[in-house]
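[1] I'll drop the sequence and a predicted model, then ask my questions.
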Amino acid sequence: MDFKKKVVLITGASRGIGKATAIAFAEQNAHVVINYRENDRAAGNTMTEMKIGDHLLVKCDLSKPLELKQMVDLIIQKYGRIDVLVNNAGISQIHEIDQVSFDDWQKAWHNIIQTNLIAVANLCYLVAQKMIPMGGGRIVNVGSRGAFRGEPTQPAYGASKAGLHALSQSLAKQLGKYHIFVNAIAPGWVETEMATTFLKDEERASILADTPLGRLIQPEEIASAVLFLASEASSGTTGAILDMNGASYLRT
């Protein structure tokens, strides 16, 4: 796969899946736009590790619509186009319904839905307006296995990812006539800092025991799937949700 001269916007690209995806696209000669919210050092490290090319760092709080619009305008001003959008950024926090106050419950739902779903919908809208006159493009949304199996300790996260999957399929239906492909990936546990934050040793052992592969998925494996869905190799695929959880959860 060669993405020479393609402009790829990746949200949450300072670490984890986003970082691995940025590096993978750079290796395929794309112009990569690295979006991040606050960690300047991590974003800079991502840029340093990428193949030399005409890349761009953009600091942007995705929950703020004005900043989203400014980011898209900046990209168009520099490159004149956006060929691929990867909505990877996401947040979560523990908010068990029988353990938190009503105020904390509301805050968790507001913050998670705002970042994981509403911001994605807003960015899809802004980028689609640029892709339509270009004659097409690719949107890949990073969802979660939690959308299907439930997330009892972080229900807003599960709900946000279920909404993200539904959004992906709805946009695939609407944007197909413009040759814009929209797909989602639903990972299970991925070997990232976010996973490490949530997993204690005994929890990790339990997860591995429940995973036929016997390991967590690596960020680079998710990145490979993103590149496939962003390429012409997946020309017959839109509206799909690709499970990548090591067979830890199977659906029919």
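    Alright, I've got the coordinates.
[2] so where do the strands sit in the stretch 151-252 of the chain?
    Under the criterion DSSP state E, counting those that start in this stretch, strands of the stretch 151-252 of the chain are mapped to 180-187, 241-244.
[3] any chance of these in CSV, plus mean neighbour count and distance to residue 53?
    Using the backbone N, CA and C atoms, a C-beta is placed for each residue, glycine as well. Formatted as CSV, those follow (neighbours: other Cβ atoms under 10 Å; distance: least, Cβ to Cβ, whole Å):
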stretch, mean neighbour count, distance to residue 53
strand 180-187, 25, 24
strand 241-244, 17, 27
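[4] Residue 41: which of those is closest?
    Evaluated over these, closeness to residue 41 peaks at strand 180-187, with 25.4 Å, by Cβ to Cβ.
[5] for the closest one, packing partners?
    helix 119-134, strand 137-142, helix 155-175, helix 219-229, strand 241-244 (3 or more Cβ pairs under 8 Å, 6 or more residues apart in numbering; DSSP states H and E).
[6] strands paired with that strand, and their directions?
    Sheet pairing of strand 180-187 (DSSP bridges) gives strand 137-142 (parallel), strand 241-244 (parallel).
[7] how many degrees apart are that strand and helix 155-175 in direction?
    If you take axes from the mean of the first three to the mean of the last three Cα atoms, to 10 degrees, strand 180-187 sits at 160 degrees to helix 155-175.
[8] and the angle from strand 180-187 to helix 119-134?
    Using the same axes, to 10 degrees: strand 180-187 against helix 119-134 is 150 degrees.
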